[in-house]
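Student: build me a model from this:
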Amino acid sequence: MINKGNALNHLLDLLAVEGSTGQESKVVEAITKKLKAAGCKAAWIKTDDAHKRLGDGYEIGNLIVKLPGTVKAPRILFSAHMDTVPLCKGAEPVVKGNRIIAKGKTGLGGDDRSGCAAIATLAETLLKNKIPHPPITLLFPIAEENGLHGSQMVRLKDLGTPAMGFNLDGQCPNEIVIGAMSAVRWTAEIAGRSSHAGLEPDKGISAGLIASKAMVAIAEKGYFGKIVKGNRTGTSNLGTIHGGEANNQVMDRTTLTGECRSHSPAFLEQIVRVYKTAFEQAAKSEANTAGKCGKVKFTIISDYRAFRLSKSEPCVKIASKAVEAIGLKPNPLVMDAGLDANNFNEKGLPTVTLGTGTHHFHTVDEYVDIKEYLAACEVLLNIATSFWPDNRIGKI
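Tutor: Predicted coordinates for the structure are as follows:
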């Protein structure tokens, strides 16, 4: 039923469109063109105002496409984010055997253009072949890679209030992500005291040294990188450091940013406490000859909350049967990352995340397995047709 040649061309076309976070306008244009060619009416297609509510120079909002149903059934959602990480700028996709890779030293952008292409293929297959289907909303969020901001801004009423969601942002086509982590971003603004580094270094307070002491203390306690404390797990990372003005000046200010993650909200709070305490103690430990100490302002922002779906949840059962229908064994799993599905589930929309054949995200080794991508396209079609009264993959 799926035109494999068209499916592959959709993927290659979208991989070639540049669109880093906040710069998704060209991706919206490319996807819209494909959906209209597939038979979507202009009245079904719109972008929301997520970019205006986010601010910070975002070009365009989330792309939302609402297909009317041809069978009486609940509305369902298919979602795949449009943005790619900066490593993918200038990517040129090429086919090499059963894989699509990037020519040169860039990322590919299969995360998540493979999801976007699979959804475009689904729309084309349903509309061109006049296949009965429930009301379907296609959502292409912006700004996933920098904190799931596009999906956070989505309003369920703008999506037509779907009953369940199927997010595409995984690896193998038999994977069904039923849970994911919580995450917070932290910022440590350290204030020291400037002095001449050669003539009067003892009168200064080095913000850089305070930062170093804090990070060493965190690492020595086992709270940096992968964190395992008994049966509790999490991760943390230092992402950026900005500070200093000259080599002959004791650094008076520096700002560090990073993140902490865990499946357990309580353990996540503990990780954050370790960070906050380490910075505060490091600031107090650095004093100049006048007895003045450093200071730190430590703040956090919640990015997204953990979720865990039951295997009996309808969207999990439907996805599992759709995977079985193509001869694969469903693999429900919990992911150590954040997904747009975190936000959908928090808003009350039960959503699983499915794989589309992309591997080694965010690296120059990223690739899309063509066979797996085409299998994912079949899974989506099985999901969309599972709402027939006499559907081929069995009633849920």
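
Student: any stretches of this protein with poor pLDDT?
Tutor: 388-396 (pLDDT under 70).

Student: just the helices in it please.
Tutor: Taking DSSP state H, the helices of the chain run over residues 4-15, 25-38, 50-54, 110-128, 149-153, 207-220, 265-285, 314-324, 340-346, 370-384.

Student: domain ranges for this structure, per the record?
Tutor: 4-179+307-384, 182-304 (automatic domain parsing).

Student: buried deepest among those, which one?
Tutor: Mean neighbours per residue, mean count of other C-beta atoms under 10 Å, is largest over those for domain 4-179+307-384, with a mean of 20. Backbone N, C-alpha and C define where each C-beta goes, glycine included.

Student: now do it: distance to the chain's middle.
Tutor: Centroid separation for domain 4-179+307-384 versus its chain: 11 Å, with C-alpha atoms, centre = their mean, to the nearest Å.

Student: how far away is residue 198 from residue 17?
Tutor: 53 Å (C-beta to C-beta, to the nearest Å).

Student: look up phi and psi at the residue nearest to residue 94 when sequence neighbours are not counted.
Tutor: Spatial nearest neighbour of residue 94, excluding adjacent residues (C-beta to C-beta, 6 or more residues apart in numbering): residue 103 at 4.9 Å. As for residue 103, its main-chain torsions (degrees, to the nearest 10) stand at phi -80, psi 130.

Student: for the residue lying farthest from the centre of the chain, grab phi and psi.
Tutor: Farthest-out residue of the chain from its mean C-alpha position, per C-alpha atoms, centre = their mean: residue 199, at 49.6 Å. In terms of degrees, to the nearest 10, the main-chain angles of residue 199 are phi -80, psi -40.

Student: show me what contacts the residue nearest to residue 94?
Tutor: 91, 92, 93, 94 (C-beta atoms under 8 Å, 6 or more residues apart in numbering).

Student: nearest to residue 274 among those residues?
Tutor: residue 91 (38.5 Å; C-beta to C-beta).

Student: measure the closest one to residue 14 for me?
Tutor: For residue 91 relative to residue 14 (C-beta to C-beta), the value is 11 Å.

Student: and residue 287, by the same measure?
Tutor: Separation of residue 287 from residue 14 (C-beta to C-beta) stands at 57 Å.

Student: all strands of the stretch 151-300 of the chain, in order?
Tutor: Secondary structure of the stretch 151-300 of the chain (DSSP state E, counting those that start in this stretch): strands located at 164-170, 175-180, 182-191, 225-229, 232-243, 253-262, 295-304.

Student: reformat these as a markdown table; add distance to residue 372.
Tutor: Listed next are the strands of the stretch 151-300 of the chain as a markdown table, based on distance: least, C-beta to C-beta, whole Å:
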| stretch | distance to residue 372 |
| --- | --- |
| strand 164-170 | 10 |
| strand 175-180 | 10 |
| strand 182-191 | 27 |
| strand 225-229 | 27 |
| strand 232-243 | 27 |
| strand 253-262 | 27 |
| strand 295-304 | 27 |
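
Student: if we can go back for a sec, distance to residue 227 added to the helices of the chain, as CSV?
Tutor: Output for the helices of the chain, formatted as CSV (distance: least, C-beta to C-beta, whole Å):
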stretch, distance to residue 227
helix 4-15, 35
helix 25-38, 35
helix 50-54, 30
helix 110-128, 25
helix 149-153, 25
helix 207-220, 10
helix 265-285, 6
helix 314-324, 28
helix 340-346, 20
helix 370-384, 32
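
Student: residue 142 contacts residue 24, correct?
Tutor: Yes - judged on C-beta atoms under 8 Å, residue 142 makes contact with residue 24 at a distance of 4.9 Å.

Student: overlap in contacts of those two?
Tutor: 60, 82, 83.

Student: what's the closest of these to residue 215?
Tutor: residue 83 (29.7 Å).

Student: can you pull the contacts of residue 254?
Tutor: Residue 254 neighbours (C-beta under 8 Å, 6+ apart): 190, 192, 207, 208, 210, 211, 241, 242, 243, 244.

Student: and for the third one, nearest residue in space, chain neighbours not counted?
Tutor: Taking C-beta to C-beta, 6+ apart as the measure, residue 207 lies nearest to residue 192, with 3.7 Å between them; neighbours along the chain are not counted.

Student: report the separation between the one you found and residue 251.
Tutor: 6 Å.

Student: do residue 178 as well
Tutor: 46 Å.

Student: cool, residue 238 as well?
Tutor: 17 Å.

Student: same check on residue 148?
Tutor: 34 Å.

Student: with residue 259 instead?
Tutor: On the measure of C-beta to C-beta, residue 259 and residue 251 end up 24 Å apart.

Student: residue 110 and residue 368 touch, don't they?
Tutor: Yes - between residue 110 and residue 368 there is a contact under C-beta under 8 Å: 4.2 Å.

Student: surely residue 232 touches residue 262?
Tutor: Yes - using C-beta under 8 Å, residue 232 is in contact with residue 262, at 7.4 Å.

Student: for residue 287, which non-adjacent residue is closest in space?
Tutor: Nearest to residue 287 is residue 293, by C-beta to C-beta, 6+ apart, at 4.8 Å.

Student: just residue 241 next, same as before
Tutor: Residue 241 sits nearest to residue 256 (C-beta to C-beta, 6+ apart), 5.3 Å away.

Student: any idea how far the one you found is from residue 246?
Tutor: 20 Å.

Student: if anything else comes up later, I'll come back, but that's it for now.
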